[in-house]
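Colleague: no FASTA, just this:
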């Protein structure tokens, strides 16, 4: 196996796939990049068994071959070198890898490529849809935070993708907060549900390009995301996501509209004085008036803020988690946020006042009864 490639070009492709490298894995080869040279195209793959990533780098190849190379070592040497052409040569018998730069020669030992996990690709039998990369990244970034971290609740530990022909809904919940993000006019010919792990979704978000078409393929066990020359495969959670629609209150006649930055700033101050375990604040709502109070009786700490807003409805006192509120409001892009209340004890809806055409973001937070 022999090829020549520029430092910058190779490093960029390696870094794109490095998120699936595993430290101290059960299978040592999961620490490696799998390099597969065919003519002038170098395939680069990584896997942690939950996620597999594959991309292509253009090189000047002279002898085809395949080798698994220690990921950390390869990344460190490339990061330390200035931009220049590098020559790679692999001895298939000894698994020795020799890298030659303009100023030095570096040797390391690889592993057999036959031990690397299978690089699965979608088949003609898999269902599919297409989605814009910006929308997909937005959906992940605005929902992943609400997924549960409780290992006993596997069905809440990911992002649920509910596909209904020309509509796709991303949803997450940890039983205290819920995020539902609808996208309309999606190109699909199927109705189904996928439960993507939070970890794999966040990893996908970091490598998505800007404003490109993403082809999504899926079956009962895996989802595949393809864009440009990149292939991302993720294992799905084998569990049923909760039926959350029944907990979304429908009669919400009490409406609060307030500036996002104003309430975020106030919450950051109030949470300092709130109980550390509950981070509870109380929102007191009256006509055109919002007062928020936080206290920690264990330390005699208390704080109150009165904010300018627009409020239409009856007087209410609603107790909520300031920590959860901050997480939810912080990911909203709109300059103003709308809160919808039914009663003091029912969940509260949080909705951006301005939304992109063809999108519908809704958040729900449970009250502290």
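Modeller: Done, it's in. All figures in this text were calculated on a predicted structure; none of them were measured in a lab.
Colleague: Name the helix or strand for the residue nearest to the spatial centre of the chain, please.
Modeller: With distances taken as C-alpha atoms, centre = their mean, the residue of the chain nearest its centroid is residue 202 (2.3 Å). Taking DSSP states H and E as the criterion, residue 202 maps to helix 198-207.
Colleague: on that earlier part again, what sits against the residue nearest to the centre of the chain?
Modeller: 140, 144 (C-beta atoms under 8 Å, 6 or more residues apart in numbering). All C-beta spots, glycine's among them, are computed from the backbone N, C-alpha and C.
Colleague: where does it land on pLDDT?
Modeller: Predicted confidence (pLDDT) for residue 202: 97.
Colleague: Next one: it relative to residue 51, how far apart?
Modeller: Residue 202 sits 11 Å away from residue 51, going by C-beta to C-beta, to the nearest Å.
Colleague: hmm, who's touching the worst-scoring helix or strand of the chain on mean pLDDT?
Modeller: Of all helical and strand segments in the chain, the minimum by mean pLDDT, DSSP states H and E falls on strand 187-188, at a mean of 80. Residues from elsewhere that reach strand 187-188, judged by C-beta under 8 Å, 6+ apart: 127-131, 163, 165-166, 168.
Colleague: ok, those vs residue 67, which is closest?
Modeller: residue 128 (32.7 Å; C-beta to C-beta).
Colleague: and the residue nearest to the closest one when sequence neighbours are not counted, helix, strand or coil?
Modeller: Excluding the flanking residues, the one nearest residue 128 by C-beta to C-beta, 6 or more residues apart in numbering is residue 217, at 4.7 Å. When classified by DSSP: H, G, I helix; E, B strand; the rest coil, residue 217 comes out as strand.
Colleague: And residue 262, by the same measure?
Modeller: helix.
Colleague: which residue sits closest to it in space, ignoring its chain neighbours?
Modeller: Residue nearest to residue 262 in three dimensions, not counting chain neighbours: residue 307, with 5.9 Å by C-beta to C-beta, 6+ apart.
Colleague: So what's the residue count around residue 206?
Modeller: 10 (other C-beta atoms under 10 Å).
Colleague: do you know how far residue 333 is from residue 224?
Modeller: From residue 333 to residue 224 the distance is 29 Å (C-beta to C-beta).
Colleague: Give me the contact list for the helix or strand where residue 54 lies.
Modeller: Per DSSP H and E, residue 54 falls inside strand 51-58. Strand 51-58 has contacts (C-beta under 8 Å, 6+ apart) with 5, 9-10, 13, 16-17, 19-20, 40-47, 117, 119-120, 199-200, 203, 207, 229-235.
Colleague: Alright, that wraps it up for me.
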